[in-house]
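S.K.: I would like the atomic coordinates for the input below:
(one chain, ligands or ions: 2)
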Amino acid sequence: MRIVVQKFGGTSVASPAAREQVVNRVLQAKKEGLAPVVVVSAIGRKGDPYATDTLLGLLKEAGPDVPKRERDLLLSCGEIITCTVMAALFNRCGQPAMALTGGQAGIITDDQFGDARIVEVHPEPILRVLEQGYIPVVAGFQGETADGEVTTLGRGGSDTTAAALGAALGAEAVEIFTDVDGVMTADPRIVDEAHTLDVVTYQEVTQMAYQGAKVIHPRAVEIAMQYNIPLRVRSTFTDAPGTLVTRGVPYPGRLALGPERLITGIAHLPHVAQLKVVLDPGDKAQEVELFSALAAAGISIDLINVFPEQKVFTVAEADAAKAGEVLKAKGFAPELTCGLAKVSVVGAGMRGVPGVMARVVAALYRAGVEILQTADSHATISCLVRGEDTEKAICALHEEFELGK
Ligand code: ADP
Ligand code: MG
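M.R.: Ligands and ions are numbered 1, 2, ... in the order given. This next block holds a predicted model:
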């Protein structure tokens, strides 16, 4: 059996017309002799009745202390609604289909409610459904602990469901259907000139995703990479071929040894806060205490610059108040700045190439964007900027590295 996992995101199932498109995509795969396994997200975006954010809103009046277990139980309903509706649509057009929750589809997670990790996938339930001639339609973004508790996988988790099922079922490919033509050089909502990349490596797209390009979840890419399953990111609504995510990029006349381009794209992450803490350079224990206190509170920190007398780092804005409180309780006097964004130049090809940072600094200077902090790795250079400068910064970098159409 040649299995293909097809995942459809929130906008792809948001209207009757869109759902009709989904049915067509799946039936097309069947026509081509493939056995599709469908994974779906909750319907629509914030404001739509069954979207994840809307469900979360229902609990708001109960305050912040709703147990995470209960929160997950509610959130899991969004995808269950979609998979039953989609299965009904397949059945209506004479194509037997069966809706399955994450647990019913064999997805076992740890018990980190709200951000659970898939630890195991039992392929048997889906294989059984396929053998009986049904199209399995699986609720994405959710799983079950070994004890049968319902969990959710965190934002973008349906991509991870799709990749994990692809791995467990030995799928020929995993297709991520969404509302853009593929993985692009920047968020097309911000950069008009952004263009779709035909082929990218797992490494390139993992970096883009970790730095905020939300078109695909980084965990999904990692799973596909580990099991060497080709991923394709494409549009539900157009016939564009999309982006193939694979191991090596085949360039005409050359061996596929890895990425040849310097820069893959520009990614960004909004809602970042910066914390500065002044320390007594003679007291080394303070430094340990500072980072231990944040770790104990479960706050993850990002861009980190450590100097003898000062520590500067960033946290997600949602964690900023808590981080401030934790540090004050330990006797520190943190200086907190909210409303920032991280803009990253991503490219596995930049490793060891001199001058990339110089071009980043010059481009942002010309655009009048102040860099508040930077960090780099072998494949990224990230700059912290003011929130209101985000678009200017992304466009300036996109142009500097000639990523336009
Ligand atoms: P879905 O609901 O289908 O999972 P998402 O909203 O999670 O869709 O992801 C698709 C969105 O990702 C696009 O609408 C686009 O605005 C955004 N995006 C951000 N960066 C990129 C990028 N580099 N390439 C393509 N899309 C991007
Ligand atoms: Mg998504």
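S.K.: Could you show which parts of the stretch 51-200 of the chain are in contact with ligand 2?
M.R.: Proximity of the stretch 51-200 of the chain to ligand 2 (C-beta under 5 Å from the ion) is limited to residues Gly156. Every C-beta, even on glycine, is put in place using the N, C-alpha and C of the backbone.
S.K.: how far away is the residue of the stretch 251-400 of the chain at minimum distance from ligand 1 from Gly349?
M.R.: With C-beta to the nearest ligand atom as the measure, Gly265 is the residue of the stretch 251-400 of the chain nearest to ligand 1, at 5.4 Å. Noted for Gly265: a distance of 12 Å to Gly349, by C-beta to C-beta, to the nearest Å.
S.K.: check which helix or strand covers Gln6.
M.R.: strand 3-8 (DSSP states H and E).
S.K.: Work out the sheet partners of that strand and label each with its direction, please.
M.R.: Sheet pairing of strand 3-8 (DSSP bridges) gives strand 35-40 (parallel), strand 173-178 (parallel).
S.K.: residues in contact with the helix or strand just after the first one?
M.R.: Using DSSP H and E, the helix or strand that follows strand 35-40 towards the C-terminus is helix 52-60. Residues from elsewhere that reach helix 52-60 (C-beta atoms under 8 Å, 6 or more residues apart in numbering): 10, 42, 45-48, 66, 71, 74-75, 77-78, 141.
S.K.: Tell me the buried residues in helix 52-60?
M.R.: Going by neighbour count (16 or more other C-beta atoms under 10 Å), the buried part of helix 52-60 is 52, 54-55.
S.K.: Mind listing what's buried along the next helix or strand after that helix?
M.R.: Downstream of helix 52-60, the next assigned helix or strand under DSSP H and E is helix 68-92. Of all the residues in helix 68-92, those buried under the rule 16+ other C-beta under 10 Å are 68, 71-87, 89-90.
S.K.: quick one: is the strand holding Gln6 near ligand 2?
M.R.: No. Strand 3-8 is not in contact with ligand 2 by C-beta under 5 Å from the ion; minimum separation 8.9 Å.
S.K.: quick one: is that strand near ligand 1?
M.R.: No. Judged by C-beta under 6 Å from any ligand atom, strand 3-8 makes no contact with ligand 1; its nearest approach is 7.2 Å.
S.K.: Buried ones in the next helix or strand after that strand, by neighbour count?
M.R.: On the C-terminal side of strand 3-8, the nearest following helix or strand under DSSP H and E is helix 16-31. Across helix 16-31, burial judged by 16+ other C-beta under 10 Å covers 18-19, 21-23, 25-26, 29.
S.K.: tell me the SS of Val221?
M.R.: helix (DSSP: H, G, I helix; E, B strand; the rest coil).
S.K.: just the helices in the chain please.
M.R.: 16-31, 52-60, 68-92, 124-131, 157-169, 202-210, 218-226, 284-296, 317-329, 356-366, 390-400 (DSSP state H).
S.K.: looking at the ones you listed, which is closest to Val150?
M.R.: For Val150, the closest of these is helix 68-92, at 5.0 Å, according to C-beta to C-beta.
S.K.: and the closest one, does that touch ligand 1?
M.R.: No. Shown here: helix 68-92 not in contact with ligand 1 (C-beta under 6 Å from any ligand atom), separated by at least 11.3 Å.
S.K.: Tell me which other helices or strands that helix touches.
M.R.: Judged by 3 or more C-beta pairs under 8 Å, 6 or more residues apart in numbering; DSSP states H and E, helix 68-92 is in contact with helix 16-31, strand 35-40, helix 52-60, strand 97-100, strand 135-139, strand 142-144, strand 150-152.
S.K.: So which residues make contact with that helix?
M.R.: 13, 19-20, 22-23, 26, 38, 40-43, 50-52, 55-56, 58-59, 96-102, 113-114, 116, 135, 137-142, 149-152, 158.
S.K.: hmm, 7 Å instead?
M.R.: Contact partners of helix 68-92, identified using C-beta atoms under 7 Å, 6 or more residues apart in numbering, comprise 13, 19, 22-23, 38, 40-43, 50-52, 55-56, 58-59, 97-101, 113-114, 135, 137-142, 149-152.
S.K.: rewinding a little: list the contacts of the residue of the stretch 251-400 of the chain closest to ligand 1.
M.R.: 184-186, 208, 213, 346, 403.
S.K.: which phi and psi does the residue in the stretch 151-300 of the chain that ligand 2 sits nearest to have?
M.R.: Closest residue of the stretch 151-300 of the chain to ligand 2, C-beta to the ion: Gly156 (4.5 Å). When read as degrees, to the nearest 10, the backbone of Gly156 gives phi 80, psi 10.
S.K.: mind checking which of the helices of the chain is nearest Ala375?
M.R.: Checking the helices of the chain against Ala375 by C-beta to C-beta gives helix 356-366 as the closest, at 11.1 Å.
S.K.: tell me which residues of that closest one are tucked away?
M.R.: 356, 359-360, 363-364.
S.K.: Output the contacting helices and strands for it.
M.R.: strand 380-386, helix 390-400 (3 or more C-beta pairs under 7 Å, 6 or more residues apart in numbering; DSSP states H and E).
S.K.: Switch the ones you listed over to JSON lines; also include mean pLDDT.
M.R.: Converted to JSON lines, the helices and strands packed on helix 356-366 look like this (pLDDT from 0 to 100):
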{"stretch": "strand 380-386", "mean pLDDT": "97"}
{"stretch": "helix 390-400", "mean pLDDT": "98"}
